[in-house]
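1. Next comes the sequence, and after it the predicted model I'd like to discuss.
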Amino acid sequence: MSEPEQGTVPILFEADIAVARRVVREVAGRIGFGVTETTRIITAASELGRNVFKYAGQGLMQWRIVQKGSARGVELSFEDHGPGIADLDAAMVDGFSTGGSLGMGLPGAKRLMDEMDIRTAPGEGTTVVVRKWRRN
Amino acid sequence: MNEGITVLKVRDVLLVTMPADPDDATVSALQSRTLDAMEQHDVKGLILDLSKVEILDSYFARTVAETAQMVTLMGGETLIAGMRPSVAITATELNVTLGATRTVLTLDRALDLAGDITKRKSVQTKRLAR
């Protein structure tokens, strides 16, 4: 019986951000990411998980091991049904924050990962999907 | 599983050690634990040992910078010691900083430097006393 290739971490409490980090660390280790790449992925997960908790109150993180040709990677999806992001362009600028934080969450996570897709609509919520590919 | 913060008084400084992956409650406890210990003990400042830390996100970095600023206001100095290369790389890419806080490579160097600062301060005090 092999280990699961995907899973879900509910983000209901502040402490769940740390739970998400631990799960991501374990998955990144299984894919074989090095220390610095693993640190980048966990840090991005921490920023995005905190956004879910801070802006929506609750949501979830789904993780998946992905394959593209011979490359393996990890995909993390952060989903909430919070207020959504009214101005996505502004939210992608360093230092922009409506939540009293440093505003490094979205642009910082984008820099740390290889790919980022955002779906958001005011009043309906936000889904942020990030991917990191292992370089061989 | 989740270890806490340790605070030790070593000679004239506080040695504050953060665990590998502190949750938000542990990170926010850094500020109160440090300032309380500063008040209780007559110390010149603090060494914040980050050598165990495996991840420094923007919340953690902001708390460290703010704590250092508060220690400055109380009349102490802060030295940050032992940040891992992977953590330094990631924090830079994330674009977080620790403000004007002094950083040193290892805890050993921090203790050497803390000794120098203590000596310098006592020399200054003696000069003033004359």
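-> Now that the structure is in, tell me what you want to look at.
2. Show me where the chain has its helices.
-> As the question left the chain open, I've gone with chain A. A:15-31, A:35-51, A:88-91, A:105-112 (DSSP state H).
3. let's do chain B instead
-> So, for chain B - with DSSP H - the helices run B:24-40, B:58-73, B:85-94, B:107-129.
4. Any buried residues in the second one, and which?
-> By that I understand helix B:58-73. B:58, B:59, B:60, B:61, B:62, B:63, B:64, B:65, B:67, B:68, B:71 (16 or more other C-beta atoms under 10 Å in any protein chain shown). From N, CA and C alone the C-beta is placed, and that goes for glycine too.
5. ok, the first one touching residue B:97?
-> No - at 10.2 Å, residue B:58 does not count as touching residue B:97 under the criterion of C-beta atoms under 8 Å.
6. and the closest residue to residue B:35 other than its chain neighbours, what pLDDT?
-> Nearest non-adjacent residue to residue B:35, counting by C-beta to C-beta, 6 or more residues apart in numbering or on different chains: residue B:70, 5.9 Å away. The model reports residue B:70 with a pLDDT of 94.
7. Could you list the low-pLDDT ranges of chain B?
-> Low-confidence segments of chain B (pLDDT under 70): B:1-2, B:117-118, B:120-130.
8. got a list of what the residue nearest in space to the middle of it touches?
-> Central residue of chain B (C-alpha atoms, centre = their mean): residue B:48, 2.6 Å from the mean position. Contacts for residue B:48 (C-beta atoms under 8 Å, 6 or more residues apart in numbering or on different chains) come out as B:16, B:18, B:64, B:67, B:68, B:78, B:79, B:80, B:81.
9. Could you pull up phi and psi at the nearest residue to the third one once chain neighbours are set aside?
-> If I follow you right, that is residue B:64. With sequence-adjacent residues excluded and distances taken as C-beta to C-beta, 6+ apart, residue B:64 is closest to residue B:98, at 5.6 Å. Backbone torsions for residue B:98, taken as degrees, to the nearest 10, come to phi -110, psi 30.
10. close enough to count as contact, residue B:98 and residue B:65?
-> Yes - between residue B:98 and residue B:65 there is a contact under C-beta under 8 Å: 5.0 Å.
11. Could you count how many residues lie near residue A:3?
-> Neighbour count for residue A:3, taken as other C-beta atoms under 10 Å in any protein chain shown: 9.
12. State the pLDDT value of it.
-> With respect to pLDDT, residue A:3 scores 83.
13. same question, residue A:93
-> 84.
14. Quick check: phi and psi at it.
-> Dihedral angles (degrees, to the nearest 10) for residue A:93: phi -90, psi 130.
15. With adjacent residues omitted, what lies nearest to it?
-> residue A:107 (6.5 Å).
16. doesn't residue A:88 make contact with that neighbour?
-> No - if you go by C-beta under 8 Å, residue A:107 and residue A:88 don't touch, sitting 11.3 Å apart.
17. who has more neighbours, the two?
-> residue A:107 (19 against 13).
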